[in-house]
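Chemist: pasting the sequence and the predicted coordinates here, then a few questions.
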Amino acid sequence: MQELELKTTILVCQPEELTLEEQQLLQSAIEATERSYTPYSHFRVGAAVKLDNGIEITGSNQENAAYPSGLCAERTALFYAGARYPNASVRLLAIAARGTDGELTEEPTGPCGGCRQVILESETRAGHPIRILLYGRKYVYVIDGIRSLMPLSFSEF
């Protein structure tokens with residue numbers, strides 16, 4: 001039997017340590033949390049993507065009484081980006097969340113497994129990793145590519 005050790009590197013920083021573009025994208029993700037529709041979980045998530053053509057797109061989670069019919073913030077933003085701008089690639093993705101108390105989460109909130117797979121597909125489509133910013137009141141996680149969160153990912157390459 002052999003043991004395989006997988007490691008990942010996540011940069012932990014304060015928002016003011018990010019570039020101005022990254023700070024603005026995080027702010028857009030925070031604002032997007034206010035547009036979520038979450039009458040069941042009351043957990044509001046916002047996402048913002050920056051495309052290589054400079055366009056910014058936001059999304060928020062949208063719940064539905066038929067539970068599987070809802071959609072996460074990340075997928076809302078990424079699918080809209082792909083549908084509206086099929087020839088542009090995503091460079092940056094920012095995610096923020098508000099807990100059931102309505103406050104921004106203290107710790108960064110990571111994307112669910114389904115969203116991680118969609119981010120991977122977006123990276124495959126673009127041909128490069130997407131820089132991911134996960135916001136928390138205490139600090140921000142900066143991740144260079146979804147493979148850091150899914151080292152044994154399901155993909156063509």
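Modeler: Cool, got the structure.
Chemist: which residues touch R75?
Modeler: 59, 114-115, 118 (Cβ atoms under 8 Å, 6 or more residues apart in numbering). All C-beta spots, glycine's among them, are computed from the backbone N, C-alpha and C.
Chemist: give me the buried subset of the residues you listed.
Modeler: 59, 115, 118 (16 or more other Cβ atoms under 10 Å).
Chemist: how far does the helix or strand of the chain with the lowest mean pLDDT sit from the chain's center?
Modeler: In the chain, the helix or strand scored least confidently by mean pLDDT, DSSP states H and E is helix 113-126, which has a mean of 94. In terms of Cα atoms, centre = their mean, to the nearest Å, the centre of helix 113-126 is set 10 Å apart from its chain centre.
Chemist: can you name the element that comes right after it?
Modeler: Heading C-terminal from helix 113-126, the first helix or strand you meet, by DSSP states H and E, is strand 131-135.
Chemist: immediately after that next one, which helix or strand?
Modeler: With elements assigned by DSSP H and E, the helix or strand that comes after strand 131-135 is strand 140-144.
Chemist: who's in contact with that next one?
Modeler: In this structure, residues lying in contact with strand 140-144 by Cβ under 8 Å, 6+ apart are 10-15, 18, 22, 26, 108, 110, 129, 131-134, 149.
Chemist: let's see which of those end up in strands.
Modeler: 11-13, 131-134 (DSSP state E).
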